[in-house]
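> got a predicted structure plus its sequence, pasted below:
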Amino acid sequence: MKLRFAPSPTGFLHVGGARTAIFNLLHARRHGGTMLLRIEDTDVERSRQHHAEQIVASLQWLGVEWDEGPVYQSDRLARYRERAEELVVSGKAYRCTCTVEELEEERAVAEKAGKQWRYSGRCRLVRPAESGASYVIRFAVDAGPIAFHDLIRGDVHFEGELIDDFVLLRSDGYPTYHLSVVVDDIDMAITHVARGDDHLSNTPKHILLFRAFGAGEPVFAHLPLILGSDKKRLSKRSGATSAEEYRDMGIVPQALFNFLSLLGWSPGGDREIFSKEEASAVFDLSDVNKAPAIFDVEKLLWMNAQYLQRMPAEEIYPHLRPFIGDRELAAVRDLINLYKMRARTLKELADQIAVYFVDDVDYEAEAVKKHVKGDDLADSMRALHAALAAAEPFDVAATEAALRALAAQRGLGAAKLIHPLRLALTGKGASPGIFDVAAVLGKEKVLRRLARFIERLPDLSPSGPSSTPR
RNA sequence: GGCGCAUUCGUCUAGGGGUCCAGGACGCCGCCCUCUCACGGCGGUAACACGGGUUCGAAUCCCGUAUGCGCUACCA
């Protein structure tokens, strides 16, 4: 068994393409088959080498590994011409000298008359004389029903009459998609073709070609499309569309892989969080749903949070690195552990961690308003500063004991000290457990931040510094 | 327009004639935990597109309708 993922390098790796790649990989792994990566760059107008490289990089990042390739179709041009000529010799294809202009004119006339246009087959009947004129090679389509069994769609039927003599080889000598896929799928011994639903209507053409070449047909599986929240094909308008954008957003590759796997497929039961290996053990293309799925970013974010929560800091670190500059693992390990269940993305995680490295924290206005009040706050904070300075060792237990003892001594609820302390240390109204924060920050930073907070207190008070009679 | 395909909570899905007045997850809403925020736990909200068949019995099978999407290029 052999499958392939065959993107055309006209842009970044689209999440729809990413899912197609994943399903191909999963099916191959499940059945002990191999996986080929083929770059379909026969459209010189739109293909770009950097896009091909980008797609390869995205697949690697995502964890879609292939066994063969990447093979570039642009390296196989001679082969496509050769095979097209074979069909001309055997009479299954013919040269057509009709120009694009002529055809467009015909089409315009037909459309004006309200009729749908199909190529007349003029050059098929009247073989053009050998001349220097440029030509395309068209396939001579035979009328008659074409049926095939799709692993996902079931039995699908088409009428040959409705397919016109499509172009195999363009006038510039480049093959069209139909020619290159079929030639390659034959030469590369592909047994299963799993691709987007947009190719379902092209399949009869391909079947005709497989037959013309005397080759057996592969098994087809047409995957339902991934739609945006507007129920249209996922596009820029409805959100991020490329794997790369999700990476830059701070999505971990395992989470995107898992999420994409769940679009149109389910391992059965109530399982939602699973690894590539687990999916590889049970996946089968025939279990894929027929209906298109809408890409729900909210659920992706939830899933990413699930992954962050479960991953050890050491595993998160390499993915987080691009978001936190050059900071070393040792400097952020404890922070990752403190914040990983509070962030949905690596970006959020990085933002939260950033406060620990600034010289002076900014105090959130809302938190200030809520917690900076009471005439004796400065006094309490000074006492807290002294109590923490005496805490030894400076760990979670000791700092907590020190604060609670002080609260009891002053007849205050511990919260009355905790919230201002949080504001002093993080500048925010919300954070992980304050004693965890203190322990991670370390005695020196805690005392410095607390001292600065006390200093700034007059400016932060609701009455303002000037109106404070002192 | 023609051809093709699809249709279970707002979204992802389970389910393939009786166990389904439809299960899980995201989201949303409550409650609990608690120094805050998260995490976690508990509970709630919400769906078989519509109409005809077949059958003792249909979300499940058949036919229509509607809606949506795809293809209809010398793009893939």
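Thanks, I have it.

> ok, the nearest residue to A:V183 once chain neighbours are set aside to A:R321 distance?
Closest residue to A:V183 apart from its sequence neighbours, by C-beta to C-beta, 6 or more residues apart in numbering: A:R83 at 5.0 Å. (Each C-beta comes from the backbone N, C-alpha and C, glycine too.) Separation of A:R83 from A:R321 (C-beta to C-beta, to the nearest Å): 48 Å.

> try A:L262
In this view, A:L262 and A:R321 are 28 Å apart by C-beta to C-beta.

> so between those two, which is more surrounded?
Ranked by neighbour count (other C-beta atoms under 10 Å), A:L262 and A:R321 place A:L262 first, with 20 against 16.

> hmm, the more buried one is touching A:E272, no?
Yes. A:L262 lies in contact with A:E272 (C-beta atoms under 8 Å); the separation is 6.6 Å.

> what sits in contact with each of these two?
Counting by C-beta atoms under 8 Å, 6 or more residues apart in numbering, no residue touches both A:L262 and A:E272.

> so A:D395 sits against A:A439, correct?
Yes. In this structure A:D395 lies within contact range of A:A439 using C-beta under 8 Å: 5.3 Å.

> looking at the two, which is more packed in?
Ranked by neighbour count (other C-beta under 10 Å), A:D395 and A:A439 place A:A439 first, with 21 against 15.

> so who does the more buried one touch?
Applying C-beta under 8 Å, 6+ apart to A:A439 gives the contacts A:F394, A:D395, A:V396, A:T399.

> cool, A:K205 as well?
Neighbouring residues of A:K205 by C-beta under 8 Å, 6+ apart: A:F139, A:V141, A:I163, A:F166, A:H178.

> quick one: average pLDDT of the helix or strand it falls within?
According to DSSP states H and E, A:K205 maps onto helix A:203-212. Helix A:203-212 comes out with an average pLDDT of 95.

> pull out the buried positions in it.
A:T203, A:P204, A:K205, A:H206, A:I207, A:L208, A:L209, A:F210, A:A212 (16 or more other C-beta atoms under 10 Å).

> the fourth one contacts A:H178, correct?
Yes. The pair formed by A:H206 and A:H178 meets the contact definition of C-beta under 8 Å, at 6.3 Å.

> mind saving the C-alpha coords of the helix or strand where A:L457 lies as CSV?
Taking DSSP H and E as the criterion, A:L457 maps to helix A:443-460. Extracted C-alpha coordinates of helix A:443-460, given in CSV (Å, rounded to 0.1, in the frame of the first residue of the first chain):
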residue,chain,number,x,y,z
LYS,A,443,13.5,36.9,48.0
GLU,A,444,15.5,39.6,46.5
LYS,A,445,13.0,40.5,43.8
VAL,A,446,10.0,40.1,46.1
LEU,A,447,11.4,42.5,48.6
ARG,A,448,12.5,45.0,45.9
ARG,A,449,9.1,44.9,44.2
LEU,A,450,7.3,45.2,47.5
ALA,A,451,9.4,48.2,48.5
ARG,A,452,8.8,49.9,45.2
PHE,A,453,5.1,49.3,45.6
ILE,A,454,5.1,50.9,49.1
GLU,A,455,7.0,53.8,47.6
ARG,A,456,4.4,54.3,44.9
LEU,A,457,1.4,53.8,47.2
PRO,A,458,0.7,57.5,47.6
ASP,A,459,0.4,58.0,43.9
LEU,A,460,-1.8,55.0,43.5
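
> give me the residues contacting that helix.
Contact with helix A:443-460 is made by A:360-361, A:363, A:368, A:372, A:377-378, A:381-382, A:384-385, A:388-389, A:391, A:394, A:399, A:420-421, A:423-425, A:438, A:441, A:465, A:468, as judged by C-beta under 8 Å, 6+ apart.

> show the buried residues in those residues.
The buried subset of these - by 16+ other C-beta under 10 Å - is A:361, A:363, A:368, A:372, A:377-378, A:381, A:384-385, A:388, A:391, A:394, A:399, A:420-421, A:423-425, A:438, A:441.

> buried set for whichever strand or helix holds the residue nearest to A:V183?
Taking DSSP H and E as the definition, one finds A:R83 inside helix A:77-89. For helix A:77-89, burial by neighbour count (16+ other C-beta under 10 Å) applies to A:Y80, A:R81, A:R83, A:A84, A:L87, A:V88.

> and A:K347, how many neighbours?
16.

> just A:V126 next, same as before
A:V126 is flanked by 8 other residues according to other C-beta under 10 Å.

> what residue ranges in the stretch 1-150 of chain A are flagged as low confidence?
Residues of the stretch 1-150 of chain A that meet the criterion pLDDT under 70 lie in A:128-131.

> in it, mark out all the strands, start to finish.
Using DSSP state E, counting those that start in this stretch, the strands found in the stretch 1-150 of chain A span residues A:2-5, A:34-39, A:68-72, A:93-96, A:136-139, A:145-150.

> can I get these in a markdown table including distance to RNA strand B and mean neighbour count?
Formatted as a markdown table, these follow (distance: least, C-beta to the nearest atom of the strand, whole Å; neighbours: other C-beta atoms under 10 Å):
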| stretch | distance to RNA strand B | mean neighbour count |
| --- | --- | --- |
| strand A:2-5 | 12 | 25 |
| strand A:34-39 | 9 | 22 |
| strand A:68-72 | 12 | 16 |
| strand A:93-96 | 8 | 22 |
| strand A:136-139 | 5 | 24 |
| strand A:145-150 | 8 | 14 |
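
> how much space separates the residue nearest to A:D296 when sequence neighbours are not counted from A:F295?
Using C-beta to C-beta, 6+ apart and skipping residues adjacent in sequence, the residue nearest A:D296 is A:S229, 7.6 Å away. As judged by C-beta to C-beta, A:S229 and A:F295 stand 8 Å apart.

> OK, contacts around the residue nearest to A:V183?
Residues near A:R83 by C-beta under 8 Å, 6+ apart: A:L179, A:V183, A:F213.

> among those, which are within reach of RNA strand B?
The subset of these within reach of RNA strand B, by C-beta under 7 Å from any atom of the strand, is empty.

> can you pick the most crowded of the residues you listed?
The most crowded member of these is A:L179, carrying 27 neighbours; neighbours defined as other C-beta under 10 Å.

> give me every residue that touches that one.
Contacts of A:L179 (C-beta under 8 Å, 6+ apart): A:Y80, A:R83, A:A84, A:L168, A:L169, A:L209.

> for these, which one is nearest A:R107?
Of all those, A:R107 sits closest to A:L168, with 19.8 Å by C-beta to C-beta.
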